[in-house]
Structure formats: C-alpha cells, structure tokens
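Participant: I need the structure of the sequence given here:
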Amino acid sequence: MSLKSQSATIREGAAEEDLLRADLYSMLARLLASAPDSATLDALAALDGDGSDLGQGIAALALVAAATQPAAAKREYNALFIGLGRGELLPYASFYLTGFLNEKPLARLRTHMAQFGIARNDGVKEPEDHIATLCEIMAGLIRGDYGTPLSVGDQHAFFNTHIATWASHFFTDLEAAEGSVLYAPVGKIGRAFMEIEIEAFRMEA
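Facilitator: Okay, here's the model as predicted:
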C-alpha cells in the first residue's frame, strides 16, 4: 500500500454495494501500482464476469491472467508505466490535465488528503496523483479506512475533483496501448467503471 492513515481506525457501516465498489477500486489500485505476482494472477483468473461492458472486461481479464506468467506481467507493466526513460503511459492527473508532472492537480490532491488525515507511506516516491493512489484513496474513503465512511456527496466531490476529469481518458489509453495485453482488459474495466461511477453520482446529485 502506498498510503497510511493519520486518523482513526477502520469503521464498519458501509453498504454492501459500496463495499463492492471499494473492492473494484482496490483491484485497480493493486494492478496499477505494480505488476501482479503469481497469487494475484491466480486470483484474477478465478474472476467471473457478466454480459455488461464491465463484466466483459472482468471475464477478459480472467482469461488473460490465466495465461500470463508473473515475469511476462512484470515486463508488460514496466514497458507501459516505467520504461527506460518513461513508459508508454504516464498515469498521473497532473500530466493528463496539464501536460506536465507535479502541477496544480497534485497540490489540490495533497490539500484534500491532509483534510482526511491521509499521508504517503515512507519510501514511496511516486507523486500522489498516480491513478493507483487515487483508486486506493477512493476505496479507503468508501470503506472508512480513514475514519467514518464518506457520504455519497463527499465521495462525489472527491471523485469529481481528482478522478472524473481524466481517469476515463487514461483507461481508454491503457486499453488501446500498444504494449497492453494483460492490461488491455484492465483498461476496459477501468473505463467501464468510471462511466458507471459518473452516472451513479449524477443520479445521486
């Protein structure tokens, strides 16, 4: 995990459907933070999807994960996100919104994180506006990892400010990236999930 809470312990009380949302955010965070190991690939291979766009992405990920070795997953992850100088994609809000790293979107996020008592773990060098960190934060805010689970309105505010403005574009790029094999269905899942979240929050507003 790239984050630590400076506030309360985990609380109970989130609804089941919200916990499912949190689980999906956590899965995306895990896959986007680092290459999956053997245990993670086995868990992905056991997933089952339905006929929806999101479900089709989950089913596709299960099939690809079952045929992927950890070494191949690591090579793909490195090519996509690390590379020799840089990877095929730069998964940061600042880059997608401004064309540069470490810009105003990162500063706004750090302010918001401080309000929730969230800090980056010691030793983590990635800027906090990495898509994996944002997914991890959303999962924690839903579950109440940083205190009481946020209301839908407060979740919406965080999502709209830090994720909705660019994440769909990123996941579309990931799905279509030249180096994406295992990560192509991850992109599909992320894109479909962002569409669901945007529409659900719109209906709640």
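
Participant: contact partners for the residue most central in space within the chain?
Facilitator: Taking Cα atoms, centre = their mean as the criterion, Cys135 is the residue nearest the geometric centre of the chain, at 3.4 Å. Listed by Cβ atoms under 8 Å, 6 or more residues apart in numbering, the contact partners of Cys135 are Tyr25, Ser26, Leu28, Ala29, Leu32. (C-beta placed from N, C-alpha, C; glycine too.)

Participant: name the nearest residue to it, sequence neighbours excluded.
Facilitator: Of all residues not flanking Cys135 in the chain, Ala29 sits nearest, at 3.9 Å (Cβ to Cβ, 6 or more residues apart in numbering).

Participant: and the one you found, how far from Glu178?
Facilitator: 24 Å (Cβ to Cβ, to the nearest Å).

Participant: more neighbours: which of those two?
Facilitator: Using other Cβ atoms under 10 Å as the criterion, Ala29 and Glu178 rank with Ala29 on top: 23 against 7.

Participant: the more buried one sits in which helix or strand?
Facilitator: Under the criterion of DSSP states H and E, Ala29 resides in helix 16-33.

Participant: and the contacts of the longest helix along the chain?
Facilitator: In the chain, with assignment by DSSP state H, the single longest helix is helix 183-204. For helix 183-204, the surrounding residues in contact (Cβ under 8 Å, 6+ apart) are 21, 24, 28, 31-32, 52-54, 56-58, 60-61, 64, 76-77, 80, 152-153, 155-156, 159-160, 163-164, 167-168, 170-177, 180.

Participant: in this protein, which spans are helices?
Facilitator: 16-33, 38-45, 53-66, 70-81, 93-98, 104-116, 131-143, 152-162, 167-176, 183-204.

Participant: in TSV: those helices, plus distance to Asp122 and mean pLDDT.
Facilitator: Output for the helices of the chain, formatted as TSV (distance: least, Cβ to Cβ, whole Å; pLDDT from 0 to 100):
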stretch	distance to Asp122	mean pLDDT
helix 16-33	16	95
helix 38-45	24	98
helix 53-66	31	98
helix 70-81	22	98
helix 93-98	22	98
helix 104-116	15	95
helix 131-143	15	95
helix 152-162	23	93
helix 167-176	27	98
helix 183-204	28	95
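
Participant: which of those sits most buried?
Facilitator: helix 131-143 (a mean of 24; mean count of other Cβ atoms under 10 Å).

Participant: hey, C-alpha coordinates of that one in CSV?
Facilitator: C-alpha atoms of helix 131-143 as CSV (Å, rounded to 0.1, in the frame of the first residue of the first chain):
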residue,chain,number,x,y,z
ILE,A,131,-4.1,6.7,-10.7
ALA,A,132,-3.3,3.7,-8.4
THR,A,133,-3.1,6.0,-5.4
LEU,A,134,-6.3,7.7,-6.3
CYS,A,135,-8.1,4.4,-6.6
GLU,A,136,-6.6,3.4,-3.3
ILE,A,137,-7.9,6.6,-1.7
MET,A,138,-11.4,6.1,-3.1
ALA,A,139,-11.5,2.5,-1.8
GLY,A,140,-10.5,3.8,1.7
LEU,A,141,-13.0,6.6,1.7
ILE,A,142,-15.8,4.3,0.8
ARG,A,143,-14.8,1.7,3.5
